[in-house]
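K.L.:
Okay, sequence plus prediction incoming.
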Amino acid sequence: MSDVRITVIDREGVSHQLNAPADMNMNLMEVCKAYELPIEGTCGGMALCASCQCYILSDHVLGAISEDEEAMLSEAFFVKDSSRLGCQIPITEGLNGLQIQIAPEEI
Ligand code: FES
């Protein structure tokens with residue numbers, strides 16, 4: 001039973017501190033939505049929309065990018081080396097202290 005602390009910078013540059021449960025099988029996109037942050041998650045977490053794109057600001061080691069995530073990011077806008085799809089990042093205890101920024105909205 002543990003929460004991890006995650007810092008999320010929204011599209012206005014405002015920083016939000018989230019407590020995310022590491023034992024509820026949630027992903028980063030779902031946690032951001034639970035806090036009503038402006039991350040759309042249009043495809044429901046299927047790696048099919050890139051509306052949950054975020055930039056990883058801290059140097060946490062995350063799980064490898066799947067082929068589906070890689071393919072989606074290759075078509076998305078505003079992609080950086082630090083881009084990941086929030087829905088493809090499960091909340092685990094190792095994410096404590098993670099810092100991310102929500103990518104700009106696609107036009
Ligand atoms: Fe669609 Fe993450 S919610 S790719």
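P.N.:
Arrived safely, thanks for sending.
K.L.:
Find me the pLDDT at residue 2, would you?
P.N.:
You'll see residue 2 listed with a pLDDT of 84.
K.L.:
That one contacts residue 22, doesn't it?
P.N.:
Yes. Applying CB atoms under 8 Å as the test, residue 2 and residue 22 come out as touching, 5.2 Å apart. (C-beta placed from N, C-alpha, C; glycine too.)
K.L.:
Could you check which of those two has the larger neighbour count?
P.N.:
residue 22 (17 against 11; other CB atoms under 10 Å).
K.L.:
Who are the contact partners of the residue nearest the centre of the chain?
P.N.:
Nearest residue to the geometric centre of the chain (CA atoms, centre = their mean): residue 86, 2.6 Å. Neighbour list for residue 86: 27-29, 32, 39, 41, 52-54, 100 [criterion: CB atoms under 8 Å, 6 or more residues apart in numbering].
K.L.:
again, only this time at 10 Å
P.N.:
By CB atoms under 10 Å, 6 or more residues apart in numbering, residue 86 lies in contact with 8, 27-33, 37, 39, 41, 45, 50-54, 56, 100, 102-103.
K.L.:
Of those residues, which ones also sit close to the ligand?
P.N.:
Residues of those in contact with the ligand (CB under 6 Å from any ligand atom): 29, 41, 45, 50-52.
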